[in-house]
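Novice: Just to be clear, the model below is a prediction. Sequence and coordinates:
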Amino acid sequence: MAWVILLVAGLLETGWAIGLKYTEGFSRLWPSILTLIAMAASLVMLAYALKTLPIGTAYAVWTGIGAFGTAVLGIVLFGEPATAGRLASIGLIVAGIVGLKLVD
């Protein structure tokens, strides 16, 4: 169950990272509120997952999910370049997440 919670926490991290773009420097009320809620929920869920999972593994997976999701959504939502090097690097992040899950 801790892994599921950690996955959701990572997805929420992606949500708040993308949300930061929409807040326009926290000058827009509703995007700012939703981003802050996602931040808080992500951290609370990470803390809950840490009751069971090792800190090094959980934190790396949490940030990896956030980095992967943010990079992919940056490409999809904001037209950021999807170069071979960028996609290969995103693949390495996924490989690292899977590797950490397999060794735990």
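Specialist: Yep, it's here. Values in this document were obtained by computation on a predicted structure and should not be read as measured data.
Novice: Output the longest helix belonging to the chain.
Specialist: helix 55-78 (DSSP state H).
Novice: Which residue is the nearest non-sequential neighbour of the residue positioned nearest the centre of the chain?
Specialist: The residue lying closest to the centre of the chain (Cα atoms, centre = their mean) is Gly66, at 1.6 Å. Nearest residue to Gly66, sequence neighbours excluded (Cβ to Cβ, 6 or more residues apart in numbering): Glu13, at 3.4 Å. (C-beta placed from N, C-alpha, C; glycine too.)
Novice: Could you do Pro81 as well?
Specialist: Spatial nearest neighbour of Pro81, excluding adjacent residues (Cβ to Cβ, 6+ apart): Ile75 at 7.5 Å.
Novice: what's the burial count for the one you found?
Specialist: 16 (other Cβ atoms under 10 Å).
Novice: Likewise for Leu102?
Specialist: Using other Cβ under 10 Å, Leu102 has 7 other residues around it.
Novice: if I look at it, how far off is Gly96?
Specialist: Separation of Leu102 from Gly96 (Cβ to Cβ, to the nearest Å): 11 Å.
Novice: one step back: centre of the chain versus the longest helix of the chain, how much separation?
Specialist: Helix 55-78 sits 4 Å away from the centroid of its parent chain (Cα atoms, centre = their mean, to the nearest Å).
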